[in-house]
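Undergrad: Would you be able to build a 3D model of this:
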Amino acid sequence: MKCPYCDHTDTRVSDSRESKDQTSIKRRRECQNCEKRFSTYEKVLKLDLEVRKSNGQIEEFNIQKIKRSLLKACEKRPITLEQIENVLDGVLKDLKKVKEDHIPTDAIGKFVLKNIKDLDEIAFLKYAIVHNNYSSMNDFMKEIDKIKDFKGITYRRKPQKKCD
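TA: The predicted structure follows:
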């Protein structure tokens, strides 16, 4: 590992710790040249997965696409980057359990929704709007009602009056 201070390549690991969910390792390193210390994080960057898009096209799985869509859904919400990383870790954990050769994009979207559901209702809805491609406002309102039911919220929206 190259030292970020002096670019020397002779560094020594002084401490290693796994994250609580065992998906990453934090290492404390010391440069043998300048003796400065720095931390590194190790994490699996690539899973050997392929995605089947809705048009039938197959492409390599890219966690960064999910991260970008989550960042967009969590924009202007009180959500930290660490919380988003935790959601991504949950999605990766779910994806590892899938036994199919090609994972459909809608399955990946459901894993994301499952993992973001308890983090933030608004971010969940923002992601769901894009992922579920609602055809009407009524479909979207049903999704909101499902969330309310799940959370135990008793408020119900008033039925819409029909126009003659």
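Undergrad: got the buried residues for stretch 36-55?
TA: Buried residues in stretch 36-55, defined by neighbour count with 16 or more other CB atoms under 10 Å: 49, 51, 52. (C-beta placed from N, C-alpha, C; glycine too.)
Undergrad: Report the helix or strand with the lowest average pLDDT across the protein.
TA: helix 137-151 (a mean of 77; mean pLDDT, DSSP states H and E).
Undergrad: Can you give the distance from it to the centre of its chain?
TA: 22 Å (CA atoms, centre = their mean, to the nearest Å).
Undergrad: And for stretch 29-44?
TA: Centroid separation for stretch 29-44 versus its chain: 27 Å, with CA atoms, centre = their mean.
Undergrad: For it, give me every contacting residue.
TA: By CB atoms under 8 Å, 6 or more residues apart in numbering, the list of residues contacting stretch 29-44 from outside reads 1, 3-6, 8, 10-14, 23-28, 92.
Undergrad: Just those residues: which are in strands?
TA: Within the contacts of stretch 29-44, residues falling in strands by DSSP state E are 11, 12, 13, 14, 24, 25, 26, 27, 28.
Undergrad: what comes up buried for the strand or helix carrying residue 82?
TA: For residue 82, the host element (DSSP states H and E) is helix 81-96. Neighbour-count burial for helix 81-96, counted by 16+ other CB under 10 Å, picks out 83, 84, 85, 86, 87, 88, 89, 90, 91, 92, 94, 95.
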